[in-house]
Structure formats: C-alpha cells, structure tokens
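**Student:** Pasted the sequence and its predicted model underneath.
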Amino acid sequence: MACRISELVLDCADPERLAVFWCEVLGYVEVGREDDGSIEIGPPGVGFGGPQPTLILSPGEHPRAGKLPLHLDVNATDRDQDAELERLLALGARPADVGQSGTEDWHVLADPEGNEFCLLRTRLRPV
C-alpha cells in the first residue's frame, strides 16, 4: 500500500486573496474554513479525499525568504498554453524569473503573494 497526496498547505499573508486566486486558476471551490483563518479549497462536489488534493491556505506571519523548495505545476485543460497564460496573467499571476534560459517550453509565474508556479505546455484532460 502507498500514500497519496491529499492536501497541500501553503502559508500566506492573505488566505482569502489566495483562495480566490487559486479557485479561479484550478476551478476549485471553498470547502472549509478553520478558526485560525485557514481556508481549504478543492474540486467542486468532491473536496477532501478525492482524486485531486485540496489546497489549504494557512495564515502565516513570517515572510518567506528566497525561493520555495516546492512549487506547483499546472496544465491547461481546455485551451492551449498561450491562451491559458493570458488567463492566468489576467487573474493576477505575474512572470517570475528563477534563472530560466528563455528556451523552456513552460512559463514560470508567481501568484499574488509571489509563490512561484509553472504553466506547462501539455494540455491535460479534466479530471
């Protein structure tokens, strides 16, 4: 038997703002709130325990220093990479420079709090 990822937890200054952003990016909905201000988002109609992990935006008071040791990769499901890049930028993502050469077939972006993520080229089927 093996484990699988059920939740990803991201410390952030403004969980509400990032929940709105990541819900739009991933097509997720809010599935729960905790008294500490954490907001859990996940696939509509499924939430925790489904085939995709939920994302918990947890309030944190300590600003991060430097590049995160883990980042998310996302793939478009219903449009090509260029169209998805335009959509993500319109939602508030911004280009990020992590030392890429410019010849990569992915785009490095940052969410509204500066957390890097990559938009990959391959279009995936929706889950």
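**Tutor:** Sure thing, it's come through. Residues are numbered from 1 along each chain as shown.
**Student:** Can you classify the residue positioned nearest the centre of the chain as helix, strand or coil?
**Tutor:** Centroid-nearest residue in the chain: residue 22, 5.2 Å away (criterion: Cα atoms, centre = their mean). Classification of residue 22 by DSSP: H, G, I helix; E, B strand; the rest coil places it in helix.
**Student:** how near is it to residue 101?
**Tutor:** The gap separating residue 22 from residue 101 is 28 Å, by Cβ to Cβ, to the nearest Å. Every residue, glycine included, has its C-beta placed from N, CA and C.
**Student:** who's in contact with residue 83?
**Tutor:** Counting by Cβ atoms under 8 Å, 6 or more residues apart in numbering, residue 83 touches residue 76.
**Student:** Doesn't it lie inside a strand?
**Tutor:** No. Counting by three-state DSSP, residue 83 is not part of a strand but helix.
**Student:** what's the spacing between it and residue 28?
**Tutor:** 20 Å.
**Student:** on that earlier part again, tell me how far the residue nearest to the centre of the chain lies from residue 53.
**Tutor:** Residue 22 is 12 Å from residue 53, by Cβ to Cβ.
**Student:** again with residue 110
**Tutor:** Counting by Cβ to Cβ - residue 110 and residue 53 are separated by 21 Å.
**Student:** domain assignment for the chain?
**Tutor:** Domain assignment for the chain, taken from automatic domain parsing, gives 1-61, 68-127.
**Student:** TSV please, covering those and showing mean pLDDT.
**Tutor:** Shown next, in TSV, are the domains of the chain (pLDDT from 0 to 100):
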stretch	mean pLDDT
domain 1-61	93
domain 68-127	93
